[in-house]
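Student: here you go, sequence then predicted model.
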Amino acid sequence: MSDLQSQDYVRRSASTMTPPQARSAEDQVAKLIDVSRCIGCKACQSACMEWNNLRQDIGHFEGSYQNPDDLSPDVWTLMKFAEYENEQGNLEWLIRKDGCMHCEDPGCLKACPAPGAIVQYANGIVDFISDKCIGCGYCVKGCPFDIPRISKKDHKSYKCTLCSDRVSVGLEPACVKACPTGAIMFGSKTDMKSWAEERIVDLKSRGFEQAGLYDPQEVGGTHVMYVLHHADKPSLYSGLPDKPQISPVVMAWKGIIKPIAVVGVALAALAGFFHWITEGPNEVTEEDEAEGKRVLDEAEKTP
Amino acid sequence: MSSSKTVIIRYTKVNRINHWITAICFVLLTLSGLAMFHPMLFWLSGLFGGGQWMRAAHPWIGCLLLLSYLGLIVQFWRENLVHKNDVEWLKQMRFVVANDEGHVPPVGRNNAGQKFVFWSMTLLIPVLFFSGLVIWEVYFGEATSIPVQRAAVLIHSLAAIAAILVWVVHVYAAIWVRDSVRAMTQGYVTPGWAWRHHRTWLREVANGEHGKDVIRKRP
């Protein structure tokens, strides 16, 4: 969205100075998606389309309830349907609402080369400031969850904003508002975690011994969390990463190599400059010209 | 100095045009590439009409660079073949940087430093081209998996930094060794320049091994 909230950035892409953060006394927010209460109705998908005015082109039936088949510049959240046969041989239909996880340490923001195109507000929401986006696709490489999608129409990157426009005026995200079963909750991160605890106790009492909260610490925790019945195996849920982390390749590229490279190039240029002012130019002398002429003249005479 | 009335053609018109197309592409790629590499240099994107234009233009300039450099390879590969005396020359580098070429074995058309620049770029430019294709979002964004793209972007950055370092050496050497720039702008050097820096080549030229018309009256 736009930069309505430009005074409460805690992180700003491609910025070497501290971002403006005067209005930062905000609660950390989180969306809690309780997979065990989801009925797969896709009200959240519709609400997301509706609030954000997104319309995906009509696609094709892919043999699954999942529709459209993937996230896109026009699909910021998507119910992913997985059929899982458990140890008892029973079918479990694992439905997970996919979308941006709003990492505390966002890989997209780390990778982005355009100053201010990706920001994180004090409440933890990671937002794309689209007019600053240059469409390079680096965020796609930075993201551990395969979320951002680059539009072929305007060459901008898009993803869930956690309805930052709604949240900034005290409303809950559209998907939360639309969910008929209360499977999607929204509030302060602390409240969401204690609510999740209650749910997990309940799930365990009903035989889901591995129930737990998905709030991966490898990315500093996320501002979208899941309650999973199989928290020991997140990948069952349509490939939710077991241990999501910003790729070490991205960390190298966006970490130590940047200053070393810039300093290295600067030093090479400086070395040249200091060589010039100490040794000076390598100039041709009169004697060289005389010798050169002699070689040419001698050759002319010999044949 | 340089009072000679006779000059030797070192680079033909085709050589020079091809070289400078490559040079312009390389400079533009360096400016736009560094803008996307380090936040402190993002302001360079203004030279290209803004970040979006820069992102769109960079890969196309890269394609042109590859084509142009292929032209240079065709024209220059033979004279950059490495010989035994190149090793000798490298061993005497300390005299070279001290402007004391009397202690250095006589050099043919190119010295070991020039050959290093040529072969480094011959290696790096194709690496940059192919890694660049993988991360060319507009056309190849979905052609490879994300882990492959991550590796490509890292390789692209490292190869680019290496190429820029080689380029700094190339540019400084051209400035430092006086009248080298004229060889690539106007095409000629004086016999004294050839005597001082490329003595074996001068003898070859004198013996007519490079054709009669390389020795001319000063334009």
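Tutor: Ah, there it is.

Student: just the helices in the stretch 51-200 of chain A please.
Tutor: For the stretch 51-200 of chain A, the helices defined by DSSP state H, counting those that start in this stretch cover A:107-111, A:138-142, A:164-167, A:174-178, A:189-205.

Student: pull out the buried residues from the fourth one.
Tutor: Applying a neighbour-count criterion of 16 or more other C-beta atoms under 10 Å in any protein chain shown, the buried positions in helix A:174-178 are A:A174, A:C175, A:V176, A:K177, A:A178. No exception for glycine: its C-beta is placed from N, CA and C like everyone else's.

Student: want to throw those into a markdown table with distance to chain B and pLDDT?
Tutor: Formatted as a markdown table, the buried residues of helix A:174-178 follow (distance: C-beta to the nearest C-beta, whole Å; pLDDT from 0 to 100):
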| residue | distance to chain B | pLDDT |
| --- | --- | --- |
| A:A174 | 28 | 97 |
| A:C175 | 25 | 97 |
| A:V176 | 29 | 98 |
| A:K177 | 32 | 97 |
| A:A178 | 31 | 97 |
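
Student: sketch out the low-pLDDT regions of chain B for me.
Tutor: B:1-4 (pLDDT under 70).

Student: the helices in it, which residues?
Tutor: Under the criterion DSSP state H, chain B carries helices at the ranges B:13-37, B:51-76, B:84-91, B:93-97, B:112-134, B:137-140, B:146-176, B:180-185, B:191-197, B:199-206.

Student: same list (the ones you listed) but as TSV, adding mean neighbour count and distance to chain A.
Tutor: Shown next, in TSV, are the helices of chain B (neighbours: other C-beta atoms under 10 Å in any protein chain shown; distance: least, C-beta to the nearest C-beta, whole Å):
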stretch	mean neighbour count	distance to chain A
helix B:13-37	18	4
helix B:51-76	18	4
helix B:84-91	14	15
helix B:93-97	14	7
helix B:112-134	19	10
helix B:137-140	15	4
helix B:146-176	19	4
helix B:180-185	16	9
helix B:191-197	27	3
helix B:199-206	21	3
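
Student: turn those helices into TSV, including distance to B:K212.
Tutor: TSV is the format used below for these (distance: least, C-beta to C-beta, whole Å):
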stretch	distance to B:K212
helix B:13-37	18
helix B:51-76	20
helix B:84-91	27
helix B:93-97	32
helix B:112-134	25
helix B:137-140	50
helix B:146-176	28
helix B:180-185	19
helix B:191-197	15
helix B:199-206	10
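
Student: and those: which comes nearest A:V201?
Tutor: helix B:146-176 (37.1 Å; C-beta to C-beta).

Student: and the angle from the closest one to helix B:112-134?
Tutor: 150 degrees (axes from the mean of the first three to the mean of the last three C-alpha atoms, to 10 degrees).

Student: for helix B:146-176, packing partners?
Tutor: helix A:138-142, helix A:248-254, helix A:257-278, helix B:13-37, helix B:112-134, helix B:180-185 (3 or more C-beta pairs under 8 Å, 6 or more residues apart in numbering or on different chains; DSSP states H and E).

Student: run through who's touching the longest one.
Tutor: Meaning helix B:13-37. Contacts to helix B:13-37, defined as C-beta atoms under 8 Å, 6 or more residues apart in numbering or on different chains, come from residues A:113, A:136, A:258, A:261-262, B:11, B:41-45, B:47-48, B:51, B:54-55, B:57-58, B:61-62, B:64-65, B:68-69, B:71-72, B:75-76, B:157, B:160, B:163-164, B:167, B:184-185, B:187.

Student: contact partners of stretch B:211-219?
Tutor: A:L296, B:S4, B:K5, B:T6, B:V7, B:I8, B:I9, B:Q186, B:Y188, B:V205.

Student: can you pick out the most distant pair from these?
Tutor: A:L296 and B:Q186, at 19.1 Å, using C-beta to C-beta across the contacts of stretch B:211-219.

Student: the two - which one has more neighbours?
Tutor: A:L296 (20 against 15; other C-beta atoms under 10 Å in any protein chain shown).

Student: dump the strand or helix carrying that one to PDB, keeping only the CA atoms.
Tutor: Assigned by DSSP states H and E, A:L296 belongs to helix A:286-301. Extracted in PDB, the C-alpha atoms of helix A:286-301 (Å, rounded to 0.1, in the frame of the first residue of the first chain):
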ATOM      1  CA  GLU A 286      63.600  10.400 -26.600                       C
ATOM      2  CA  GLU A 287      66.000   7.500 -26.500                       C
ATOM      3  CA  ASP A 288      63.100   5.100 -26.900                       C
ATOM      4  CA  GLU A 289      62.000   7.000 -30.000                       C
ATOM      5  CA  ALA A 290      65.500   6.900 -31.400                       C
ATOM      6  CA  GLU A 291      65.800   3.100 -30.700                       C
ATOM      7  CA  GLY A 292      62.400   2.500 -32.200                       C
ATOM      8  CA  LYS A 293      63.200   4.500 -35.300                       C
ATOM      9  CA  ARG A 294      66.500   2.600 -35.600                       C
ATOM     10  CA  VAL A 295      64.800  -0.800 -35.600                       C
ATOM     11  CA  LEU A 296      62.300   0.300 -38.300                       C
ATOM     12  CA  ASP A 297      65.100   1.900 -40.500                       C
ATOM     13  CA  GLU A 298      67.400  -1.100 -40.200                       C
ATOM     14  CA  ALA A 299      64.600  -3.400 -41.300                       C
ATOM     15  CA  GLU A 300      63.900  -1.200 -44.300                       C
ATOM     16  CA  LYS A 301      67.600  -1.400 -45.400                       C
END
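
Student: okay, the helices and strands packed on helix B:146-176 in JSON lines with distance to A:L54 next?
Tutor: Listed next are the helices and strands packed on helix B:146-176 as JSON lines, based on distance: least, C-beta to C-beta, whole Å:
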{"stretch": "helix A:138-142", "distance to A:L54": "18"}
{"stretch": "helix A:248-254", "distance to A:L54": "28"}
{"stretch": "helix A:257-278", "distance to A:L54": "35"}
{"stretch": "helix B:13-37", "distance to A:L54": "28"}
{"stretch": "helix B:112-134", "distance to A:L54": "29"}
{"stretch": "helix B:180-185", "distance to A:L54": "55"}
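
Student: run the chain-centre distance for stretch B:7-19.
Tutor: 14 Å (C-alpha atoms, centre = their mean, to the nearest Å).
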